[in-house]
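Engineer: Got a sequence here, can you build the structure:
(chains A, B, C and D)
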There are 2 protein chains.
Amino acid sequence: MQPAELDRIFSALADPTRRAILHRLARGEATVNALVAPSGLRQPTVSKHLKILEEAGLVSRGRAAQTRPVRLEPAPLKAAAQWLGDYEAFWNASYDRLEAYLKGEEA
Amino acid sequence: MQPAELDRIFSALADPTRRAILHRLARGEATVNALVAPSGLRQPTVSKHLKILEEAGLVSRGRAAQTRPVRLEPAPLKAAAQWLGDYEAFWNASYDRLEAYLKGEEA
DNA sequence: TAATTATATAGCCTTTTAGCTATATAGATG
DNA sequence: CATCTATATAGCTAAAAGGCTATATAATTA
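Structural biologist: Predicted coordinates for the structure are as follows:
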């Protein structure tokens, strides 16, 4: 995992519109228009958000007639969760795992 | 958790310099200068990053002589991990937990 | 093939971000 | 009290982000 990858993932997740899109997609894939409707934003604006999500690997696009269904791709979410997981020891007050991680990292 | 809070947290985590600072702080608190040294950045630049981390709640500041030691605050990391955790079902191919979450959310 | 529908792209504007230099402030020490 | 050390703040610049309108493209349908 290059840092730039986490940059894009966390940066994509930093926007509430994009998190809302992901939340909606958790219920199943959706067309662009289906995502525009509840957003209060214009279609091109949503398309821009989708591009950012796609570049972060968080969604992928299909093709169905003249529609481009969007679906959630969990891998980057997992990557982000794993990054955060390295700090889990901190909020669990059990430092063993973190220490092990840091020790391995010092190479 | 207001959305703005997650905005600030994810946005703070989107920068590699800031993630590196958190990584360093996982080994224990550090002065500003100790964080500047390996960063390749100027001191005011690092202070700015620290302000962003602080506003996201990810670090807190102490006072020791003319030094302002920085320490890691895990709560926002936990909050971010919990948000991601709602999607865990997706990468675990076990949708039960996610469905339960979404059902609860529809209110 | 013309018209309609769904989506993407171009281009504009304003705000934010990330870096910098210069300078101010707070506390320690000669 | 003068100075030095650590850190913060002000203010600048360039680039990126996030919104918009107008328009282009792709696929469907009359």
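
Engineer: Tell me which residues touch residue A:8, please.
Structural biologist: Applying Cβ atoms under 8 Å, 6 or more residues apart in numbering or on different chains, one finds that residue A:8 lies in contact with A:55-57. Any C-beta I mention is one placed from the backbone N, CA and C, and that applies to glycine too.

Engineer: ditto for residue A:55
Structural biologist: A:8, A:12.

Engineer: For DNA strand C, state which of the contacts of residue A:8 is nearest.
Structural biologist: The nearest member of these to DNA strand C, counting by Cβ to the nearest atom of the strand, is residue A:55 at 11.0 Å.

Engineer: now the angle from whichever strand or helix holds residue A:81 to helix B:75-85?
Structural biologist: Assignment of secondary structure by DSSP states H and E places residue A:81 within helix A:75-85. Orientation check (axes from the mean of the first three to the mean of the last three Cα atoms, to 10 degrees): helix A:75-85 against helix B:75-85 gives 150 degrees.

Engineer: what pLDDT does residue A:89 get?
Structural biologist: What the model reports for residue A:89 is a pLDDT of 73.

Engineer: So which residues on chain A come close to DNA strand C?
Structural biologist: Contact residues (Cβ under 7 Å from any atom of the strand) of chain A with DNA strand C: A:31-34, A:43-44, A:47-48, A:50-51, A:61, A:66-69.

Engineer: Which among those count as buried?
Structural biologist: Applying a neighbour-count criterion of 16 or more other Cβ atoms under 10 Å in any protein chain shown, the buried members of those are A:31-32, A:50, A:69.

Engineer: Which member of these is positioned nearest residue A:17?
Structural biologist: residue A:50 (10.3 Å; Cβ to Cβ).

Engineer: Name the SS class of the closest one, please.
Structural biologist: Assigned by DSSP: H, G, I helix; E, B strand; the rest coil, the conformation of residue A:50 is helix.

Engineer: what do you get for residue A:28?
Structural biologist: Here residue A:28 is recorded as coil under three-state DSSP.
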